[in-house]
Each structure stands twice: as C-alpha cells, then as structure tokens.
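[1] need coordinates for the below:
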Amino acid sequence: MSTIAQCLFISTLISGSLISISANSWFSAWMGLEINLLSFIPLMSNPKNTLSNEATLKYFLIQALASITFLFTTTFMQMYTHSSLPLVDNLFSMLIISTLLMKMGAAPFHFWFPGTMEGLNWKNCFILMTWQKIAPLILLSYLVKMNLLTLLIIILSVIIGSLGGLNQTSLRKLLAYSSINHMGWMIAAMFCGENLWELYFLTYSLLTLTLIYMFSILSVFHFNQNFMIINDSQPLKLLLFLTLLSLGGLPPFLGFLPKWIVIQSLIALHSYFICFIMILMTLITLFYYIRLSFTALLITYPQMKYKPSCIKKITLTIPTTLTSLSLLTLPLCSLIYNCL
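    Numbers count the residues shown, from 1 in each chain. A predicted model of the protein is given here:
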C-alpha cells in the first residue's frame, strides 16, 4: 500500500473515532465505529502474508457481528424509549455493553483478540491495542455501573488476561493477554472517575508504544529471539525488559502509578474483594514478565557470528527517551501530586 493511501486510511480511522466520541446519539456513535472499522481493514490486510489476511477476515467478521448487534439494540431501545420497565432498560444496557466489550476484545468476548494480534505486524498491533479501544471505552463509560455484571466483567478480564499469558511464547499474544488484563483495570477505574481511566489509558499507551517500537526495530516476535538478537546491544536489552516490568506495574516505575491510584480509589469505595482479585492477578502477569526478563538478562546465550543488519543501524536515542518517560516519571508525578 502506498504512503498516500496509508495516510488517507489513518486520517479516516482517526475521524471515525472522533465521530463516535463526540456523537450525541447512539446511531451517530455506530456510524463513527463503522468508519473506524472500514478504515482499519485496508491497513491490516497484506496480500503477501496469509496470516495477515486471516487476521483481517477474523477481525472484520467479529466487528461486523458486534456492529449489527449494536445497531439493532439501539434501534429497539429508541422504540422502547417511553417504557417504564427496568428489566427492558437493563437488557438494552447489557447488550450494548456486550457489543462494546466485543469490539475492544475484553473478556468474556476476548476469543478473537490474541489470534488476530498474532497475524499483524507491530504497527497494526499498536493501533489495535490502543487507538481502536478509545471509542468503545468512552461509550462504555456512559453505561458502566457498579453492578454484578460489571464486576463479573472486571474479574474475568483480569483472570483471563493473567492466566492466558502464562504458556505463551509469542510476544504478540503475550501483549494481547496483557491488554485484556489492563482492560479490567480500566473498567474498574471507571467506577472511580472519568479522569482516572483516561490517565490509566494514557500510561498504558505510552508503555505499549515504547515496547512495540523496540520490538519493531529489532524484528522480535518470540521469546527465544529476545535471548539471541539483543546480545550486541546490552543497553537496549536492559531498557526493553525494564519497560516490560513497568507495564506489569512494578512499583518503582510509571506503570505502577495508575494501578496505585485505582487501588486507593477502590479501597475508598469499600470494594475490597475485587481489589484483592485484581492485585493477585497482577502478580501473575508480573511473574511471566519477570520470567522473561530474568532469563534474558542473567543467563548467557551463544552469540551468532552473523550479525543481522538491523542491529548495526539501531540508535538508542528514541528508545532511551521513551523508556526514560516510562521509568523515571513516577517520582515526578508523586512530587507534583504532593505539591498540589
């Protein structure tokens, strides 16, 4: 695909999300989601890659199913606007929440997300994990309430996102399950305030951008490639795995900040059980991040005599800048918070 076509589809991709965010009716929100979907499909497809075409078809079918359900639900909801039955309103709300969860790949509608991620390149993986979740999350924040359904969604997201990544050897699937886990934290943050889940999403996007940029310039897709290919760039190797620990929420790093605030807010709301489950499942995600980092940093691996050309061209300027933001910003944020 030419650069002009990519710029065109990216601009309509952004426009579709902005239409959904600024919509004043459910039909306008659906229209924005459809523009966003139809703009992302050409960016995903690659005629030279069978896995990419399979992921594109899977993504299109799932999103089309969610869009149809969303449209029919909002249409019937307009027909029953004057209904005074709480059961009808709760049913419509549950259906819309389910379609939004399916669109962004949160549990229990996560079945398509890891497989789709596996067939994409790193650039499209970043778009799918960050930008494609903005409009569904904002629409979801209009409907989410502290009830049994939402609590079940949060618990399922953090459990599936944690346990699903334990046996993975693909970095794309690992980040997919990590994204499912973070979706649970973001939905829990919606109970505490609009600004909190937005802060969480911005922090998550920064950490994901840092990781995907380094994986992309190194052409790394699996665990064993981390051990071999980065031996000639030890600083980059250290920055990469420190950012992984930051994404897992290890306290000295920036990734701990939004989780810290969410935990404090949930405790203030007396939601002790769900807070305990979320912290416990985060420890499991930290386990497989630490397992990857520990093995790559402390065990000696044989070096290849042939050095890929990508290693020679790597400069540490951009990775160091992005990693510095993700590793060193927590003390600064704490200082600003105390000064205010």
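[2] give me the pLDDT for Ser233.
    At Ser233, the pLDDT value in this model is 66.
[3] ugh, wrong one, Ser334
    Model confidence at Ser334, given as pLDDT, is 62.
[4] now do Ile97
    So, for Ile97, pLDDT stands at 91.
[5] residues near the closest residue to Gly164 other than its chain neighbours, how many?
    Using CB to CB, 6 or more residues apart in numbering and skipping the chain neighbours, the partner closest in space to Gly164 is Tyr177 (4.1 Å). Any C-beta I mention is one placed from the backbone N, CA and C, and that applies to glycine too. Residues contacting Tyr177 under the criterion other CB atoms under 10 Å number 23.
[6] Tyr177 and Gly161 touch, don't they?
    Yes - contact status for Tyr177 versus Gly161: in contact at 5.0 Å, counting by CB atoms under 8 Å.
[7] what distance do you get for the residue nearest to Gly164 to Ser52?
    Separation of Tyr177 from Ser52 (CB to CB, to the nearest Å): 20 Å.
[8] one more: Phe223?
    Relative to Ser52, and taking CB to CB, Phe223 is found at 22 Å.
[9] before we move on, what about Cys333?
    38 Å.
[10] what residues sit buried inside stretch 14-26?
    By 16 or more other CB atoms under 10 Å, the buried positions in stretch 14-26 come out as Gly16, Ser17, Ile19, Ser20, Ala23, Trp26.
[11] name the nearest of the residues you listed relative to Leu61.
    Gly16 (18.8 Å; CB to CB).
[12] please, which helix or strand holds Ile155?
    Assigned by DSSP states H and E, Ile155 belongs to helix 148-163.
[13] which helices and strands sit right next to that helix?
    Other helices and strands packing on helix 148-163, by 3 or more CB pairs under 8 Å, 6 or more residues apart in numbering; DSSP states H and E, are helix 86-104, helix 171-192, helix 272-298.
[14] run the chain-centre distance for it.
    On the basis of CA atoms, centre = their mean, to the nearest Å, helix 148-163 sits 15 Å off its chain's mean C-alpha point.
[15] just the residues contacting that helix, thanks.
    Applying CB atoms under 8 Å, 6 or more residues apart in numbering, the contact partners of helix 148-163 are 94, 97, 101, 106-108, 110, 144, 177-185, 187-188, 191, 274, 277-278, 281-282, 284-285.
[16] and if you look at stretch 243-251?
    Contacts to stretch 243-251, defined as CB under 8 Å, 6+ apart, come from residues 178, 204, 207-208, 210-211, 214, 253-256, 259-260, 282, 285-286, 289-290, 292-293, 322-323, 326-327.
[17] which among those residues end up buried?
    Buried among these (16+ other CB under 10 Å): 178, 204, 207-208, 210-211, 214, 253-256, 259, 282, 285-286, 289, 292-293, 322-323, 326-327.
[18] contacting residues around Leu13?
    By CB under 8 Å, 6+ apart, the residues touching Leu13 are Asn36, Ser39, Phe40, Leu43, Ile127, Trp131.
[19] number of residues surrounding the first one?
    Using other CB under 10 Å, Asn36 is surrounded by 25 other residues.
[20] what helix or strand is it on?
    If you go by DSSP H and E, Asn36 is part of helix 26-44.
[21] got the angle for the helix or strand following that helix vs helix 86-104?
    On the C-terminal side of helix 26-44, the nearest following helix or strand under DSSP H and E is helix 50-79. If you take axes from the mean of the first three to the mean of the last three CA atoms, to 10 degrees, helix 50-79 sits at 160 degrees to helix 86-104.
[22] give the buried residues for helix 50-79.
    Buried, per 16+ other CB under 10 Å, within helix 50-79: 52, 55-56, 58-60, 62-63, 66-67, 69-71, 73-74, 77.
[23] now swap in stretch 116-130 and tell me
    In stretch 116-130, counting by 16+ other CB under 10 Å, buried: 116-122, 124-130.
[24] quick one: contacts of that stretch?
    Under CB under 8 Å, 6+ apart, the answer for stretch 116-130 is 13, 40, 43-44, 46, 49, 51-56, 58-59, 62, 170, 172-173, 175-176, 179, 201, 204-205, 208-209, 212, 215-216.
[25] go on, stretch 204-213?
    Stretch 204-213 has contacts (CB under 8 Å, 6+ apart) with 122-123, 125-126, 129-130, 175, 179, 182, 186, 240, 243-244, 246-247, 254-255, 258, 318-319, 322-323, 325-326.
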